[in-house]
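Student: got a sequence here, can you model it:
(2 chains)
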Amino acid sequence: EADIYQTPRYLVIGTGKKITLECSQTMGHDKMYWYQQDPGMELHLIHYSYGVNSTEKGDLSSESTVSRIRTEHFPLTLESARPSHTSQYLCASSASTGAETQYFGPGTRLLVL
Amino acid sequence: KQEVTQIPAALSVPEGENLVLNCSFTDSAIYNLQWFRQDPGKGLTSLLLIQSSQREQTSGRLNASLDKSSGRSTLYIAASQPGDSATYLCAVPTAGSQGNLIFGKGTKLSVKP
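Tutor: Prediction:
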């Protein structure tokens, strides 16, 4: 079944640790996105990719980095986690045939102590 | 810069009522507008996508309208049910982009049995 997956769903980690949030989709979509959402606030785009080896920063500045080595995989990495990184991170994908709807993963809730 | 506003921020209604959620955007040069649903602690589910050339879209008990010239969209939910309780988000692509989305803060809907 075509879907988009995120792991872990929840992560509690100490300051200074390196973390990678995984996102994979089985829909063959070229476009993938990472959004950050604080509780009760709107989603903000932090990274996007229009295909393999393509990555761009989004509207909201983020200390995280992303890579797109395979079409189906779009991991997000924080080299040194800080409490200010505590948030929900949502991954999404869409087809590249125009203004297509975006499909979202279940999200990763990150808490940095 | 595109801004998306949703009114009201929260809404509580008894089961069976028809209701309208509002979304406004400042830049009318959009390719489309999407409505999403977000359940607590989960990702987003796409409900309806209206292309800029369309005036409305329907899916079951949901009907979304789009008035580009006035920068407004409404989501009409007929015969509301407790299962409709969620946060409803509208989003439009950023200027010059067909994929990157700008979201409103959402309307949190509670339907009481």
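
Student: from now on I want contacts and neighbour counts done on CA atoms only, so please keep to that.
Tutor: OK.

Student: what's the burial count for residue 52?
Tutor: You didn't pick a chain, so chain A it is. A:Val52 has 16 neighbouring residues, counting by other Cα atoms under 10 Å in any protein chain shown.

Student: can you look at chain B instead?
Tutor: B:Ser52, neighbours per other Cα under 10 Å, totals 16.

Student: need the contact list for it.
Tutor: Residues near B:Ser52 by Cα atoms under 8 Å, 6 or more residues apart in numbering or on different chains: B:30-33, B:66, B:68.

Student: could you redo the last one with a cut-off of 7 Å?
Tutor: B:30-32 (Cα atoms under 7 Å, 6 or more residues apart in numbering or on different chains).

Student: turn those into CSV, columns for pLDDT, distance to B:Lys105 and neighbour count.
Tutor: Formatted as CSV, the contacts of B:Ser52 follow (pLDDT from 0 to 100; distance: Cα to Cα, whole Å; neighbours: other Cα atoms under 10 Å in any protein chain shown):
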residue, pLDDT, distance to B:Lys105, neighbour count
B:Ile30, 87, 19, 19
B:Tyr31, 85, 20, 21
B:Asn32, 89, 18, 22
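
Student: of all the residues in stretch B:53-73, which ones are buried?
Tutor: For stretch B:53-73, a neighbour-count test (16 or more other Cα atoms under 10 Å in any protein chain shown) marks B:56-57, B:62-68, B:71-73 as buried.

Student: what mean pLDDT does it get?
Tutor: For stretch B:53-73, the mean pLDDT works out to 94.

Student: just stretch B:86-105 next, same as before
Tutor: According to the model, stretch B:86-105 has a mean pLDDT of 85.

Student: same question for stretch A:46-55.
Tutor: So the average pLDDT for stretch A:46-55 ends up being 93.

Student: can I get that stretch in CSV, CA atoms only?
Tutor: Output of stretch A:46-55 as CSV, limited to C-alpha atoms (Å, rounded to 0.1, in the frame of the first residue of the first chain):
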residue,chain,number,x,y,z
ILE,A,46,11.9,24.1,6.7
HIS,A,47,13.2,22.0,3.9
TYR,A,48,12.1,20.7,0.5
SER,A,49,13.4,18.6,-2.3
TYR,A,50,12.2,18.3,-5.9
GLY,A,51,14.1,15.2,-6.6
VAL,A,52,17.3,13.1,-6.0
ASN,A,53,20.3,15.3,-5.0
SER,A,54,18.0,18.4,-4.8
THR,A,55,17.5,20.1,-1.4
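
Student: do that stretch and chain B come into contact?
Tutor: No. Judged by Cα under 7 Å from any Cα of the partner chain, stretch A:46-55 and chain B are separated, with a smallest distance of 7.8 Å.

Student: buried stuff in that stretch?
Tutor: Per 16+ other Cα under 10 Å, stretch A:46-55 contains these buried residues: A:46-52, A:55.

Student: and of these, the nearest to chain B?
Tutor: Of all the buried residues of stretch A:46-55, chain B sits closest to A:Tyr48, with 7.8 Å by Cα to the nearest Cα.

Student: now that closest one, nearest residue through space, not along the chain?
Tutor: Of all residues not flanking A:Tyr48 in the chain, A:Tyr33 sits nearest, at 4.3 Å (Cα to Cα, 6 or more residues apart in numbering or on different chains).

Student: go on, A:Glu22?
Tutor: Per Cα to Cα, 6+ apart, closest to A:Glu22 is A:Pro75, 4.6 Å.

Student: check A:Gly40 too.
Tutor: B:Lys105 (7.4 Å).

Student: is it fair to say that neighbour lies in a helix?
Tutor: No. B:Lys105: not assigned to a helix; according to DSSP: H, G, I helix; E, B strand; the rest coil it is coil.
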